[in-house]
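below are the sequence and a predicted model; questions follow.
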Amino acid sequence: MNQQTKPRAVVLLSGGLDSATVLAMAQADGFECYALSFDYGQRHRSELLAARRLAESAGVADYKVIGLDLDGMGGSALTDPSIAVPEQAGEGIPVTYVPARNTVFLSLALGWAEVLGARDIFIGVNAVDYSGYPDCRPAFIEAFERLANLATKAGVEGDRIRIQAPLQNMSKADIVRRGTLLGVDYALTVSCYQADEKGAACGRCDSCRLRAEGFLAAGLADPTPYA
């Protein structure tokens, strides 16, 4: 496919394992990818460095980082340093849930997509091996896609917006296998909720646990550096 004829897509890129895989999948599907990250006051800021490395490695058409003050609201262990990141799995929605995060992220991605003339937005949410966040469920993605087509010039004019979440029903092991086949360098990624400034993982938080279990189940070596 000629580079100029490729359809454009906005890809939410956190710097973690899932979003790196989604970016590779979107490119493999023939999209010209525009990667978008958010500096929202997260305590694991090394993920932003990872996102930039991934964007450069993938050769995306453009890469943006948008600043948000979600730490000003607090309410999450990922944005409020006074709330400890849990190191044991608990019941219910964990304190690492960031209120309205994916709603805000997708809304801004939707705006950039309209500016670019892109009709596809990719997000790496998962509803199988995940922490139980309400904004990772298929029902949320379906609802946001309906909203996107009601709230945009493109949608009103019949140029349908699609919210693509290709990892939704995949296990972490399946995600790792797919990304490995697509050539994703997982050594560039940062998944830990409390990674240090160099990206070294704690090895104890929920995200570290899910990542380690995924590599183990996939039968592949985990390149994660641990503090």
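That came through fine.

and the pLDDT at Pro86?
Pro86 carries a pLDDT value of 88.

what is the neighbour count of it?
16 (other C-beta atoms under 10 Å). To be clear about C-beta, it is placed using only N, CA and C from the backbone, and glycine gets the same treatment.

correct me if wrong: it contacts Ile93.
No. Between Pro86 and Ile93 there is no contact under C-beta atoms under 8 Å: 11.6 Å.

mean pLDDT per helix and strand in this protein: which one sits at the bottom?
helix 70-73 (a mean of 90; mean pLDDT, DSSP states H and E).

what's next to that helix, contact-wise?
Tyr40, Gly41, Gln42, Ser76, Thr79, Asp80, Val98, Pro99, Arg101, Val104 (C-beta atoms under 8 Å, 6 or more residues apart in numbering).

leaving out sequence neighbours, find the closest residue to the fourth one.
Yep, that's Ser76 we're talking about. Distances taken as C-beta to C-beta, 6 or more residues apart in numbering put Val98 closest to Ser76, at 4.3 Å, once the chain neighbours are dropped.

count of neighbours near the one you found?
Neighbours around Val98, by other C-beta under 10 Å: 24.

only the buried residues of the longest strand along the chain, if you could.
Longest strand in the chain, counting residues (DSSP state E): strand 32-39. Judged by neighbour count (16 or more other C-beta atoms under 10 Å), strand 32-39 contains these buried residues: Glu32, Cys33, Tyr34, Ala35, Leu36, Ser37, Phe38.

for the third one, list each beta-bridge partner.
Note on Tyr34: beta-bridge partners Val10, Asp62, judged by DSSP bridges.

ok, now which ones touch it?
By C-beta under 8 Å, 6+ apart, the contact set of Tyr34 is Arg8, Ala9, Val10, Val11, Val60, Ala61, Asp62, Tyr63, Lys64, Trp112, Leu116, Ala118.

give me the buried entries from the residues you listed.
Here, 16+ other C-beta under 10 Å leaves Arg8, Ala9, Val10, Val11, Val60, Ala61, Tyr63, Lys64, Trp112, Ala118 buried among the contacts of Tyr34.

pick the one among these closest to Gly183.
Closest approach between those and Gly183, by C-beta to C-beta: Val60, at 14.7 Å.

mind listing the strands for this structure?
Along the chain, the stretches classed as strands by DSSP E are 8-12, 32-39, 62-67, 120-122, 162-164.

let's have these in JSON lines, adding mean pLDDT.
Shown next, in JSON lines, are the strands of the chain (pLDDT from 0 to 100):
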{"stretch": "strand 8-12", "mean pLDDT": "98"}
{"stretch": "strand 32-39", "mean pLDDT": "98"}
{"stretch": "strand 62-67", "mean pLDDT": "98"}
{"stretch": "strand 120-122", "mean pLDDT": "98"}
{"stretch": "strand 162-164", "mean pLDDT": "98"}
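
need those in a markdown table with distance to Cys202, can you?
As requested, those are exported to a markdown table (distance: least, C-beta to C-beta, whole Å):
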| stretch | distance to Cys202 |
| --- | --- |
| strand 8-12 | 24 |
| strand 32-39 | 21 |
| strand 62-67 | 24 |
| strand 120-122 | 28 |
| strand 162-164 | 31 |
